[in-house]
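Enquirer: Quick one, fold the following:
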Amino acid sequence: MTNLEIWLLAIGLAMDCFAISIASGIILKRVRLRPMLTMAFFFGLFQGLMPLLGWRFANAFSSMIESFDHWIAFFILAFLGGRMIVESFKEEDCRHEYDPTRLKVILALAVATSIDALAVGISFALLGFRQLSDVLPSIGIIGLVSFVLTLAGLVIGIRFGCGIARKLRAELWGGIILVLIGVKILIEHLFFG
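Expert: Okay, the predicted model is just below:
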């Protein structure tokens, strides 16, 4: 994967964090630095750790599926992206009944938004990331982008409320990015591999 693809992948993965943080910002109503930084930290941490766990798991058996690994990577990214695209068209009420300042809530949201990143970590192993040094820059970028977009989402939610969340269509764009990266991987392996 190129650096641009890794940055786009990180943005695609962080769109769930961004959408949840907008909703959390709407609930917060005003800038509260400590809970905002806590949420951004844990979202970035889990978005970075999950690909590492997925990569570690898949790296153990990647040699057994080498001949069709590009198909698996494609299906993982296409499924995740497709699911995000479908979710983006569902009507959702902006009022949420949770407290984004509680650590338990933040951790639950961080895990929930990072499950997709676990699958992306599996695709890293399938794409030939064999050494920890191969995967560390990617997971660092994913964590950083998630941290920044979480903070941005919180500020946007506080500042603009519900109306902006619908207009940005973060999940739609994140899903499109993931599907396009999956298609590119498949085309490269089938025609240029």
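
Enquirer: can I assume residue 59 is in contact with residue 125?
Expert: Yes - under the criterion of C-beta atoms under 8 Å, residue 59 makes contact with residue 125 at 4.2 Å. Backbone N, C-alpha and C define where each C-beta goes, glycine included.

Enquirer: If you count surrounding residues, which of the two has more?
Expert: For residue 59 versus residue 125, the count of surrounding residues by other C-beta atoms under 10 Å is larger for residue 125: 26 against 20.

Enquirer: if I look at the more buried one, how far off is residue 106?
Expert: 29 Å (C-beta to C-beta, to the nearest Å).

Enquirer: Over to residue 20?
Expert: 10 Å.

Enquirer: What of residue 51?
Expert: On the measure of C-beta to C-beta, residue 51 and residue 106 end up 20 Å apart.

Enquirer: Which one of those two is surrounded by more residues?
Expert: residue 51 (29 against 21).

Enquirer: Which secondary structure state does residue 91 sit in?
Expert: Put simply, residue 91 is coil when judged by DSSP: H, G, I helix; E, B strand; the rest coil.

Enquirer: and it, what pLDDT?
Expert: With respect to pLDDT, residue 91 scores 72.

Enquirer: neighbours around it, how many?
Expert: Residue 91: 5 neighbours (other C-beta under 10 Å).

Enquirer: now swap in residue 41 and tell me
Expert: Look at residue 41: counted by other C-beta under 10 Å, it has 17 neighbours.

Enquirer: in whichever strand or helix holds it, what counts as buried?
Expert: Here residue 41 sits within helix 33-59, counting by DSSP states H and E. Residues 35-36, 38-52, 54-55, 58-59 are the ones in helix 33-59 that count as buried (16 or more other C-beta atoms under 10 Å).

Enquirer: Next secondary structure element downstream of it?
Expert: Downstream of helix 33-59, the next assigned helix or strand under DSSP H and E is helix 69-88.

Enquirer: Now do that following helix: everything it contacts.
Expert: Helix 69-88 is touched from outside by 12, 15-16, 62, 65, 116, 119-120, 122-123, 126-127, 169-172, 174-183, 185-186, 188-190, 193, with contacts defined as C-beta atoms under 8 Å, 6 or more residues apart in numbering.
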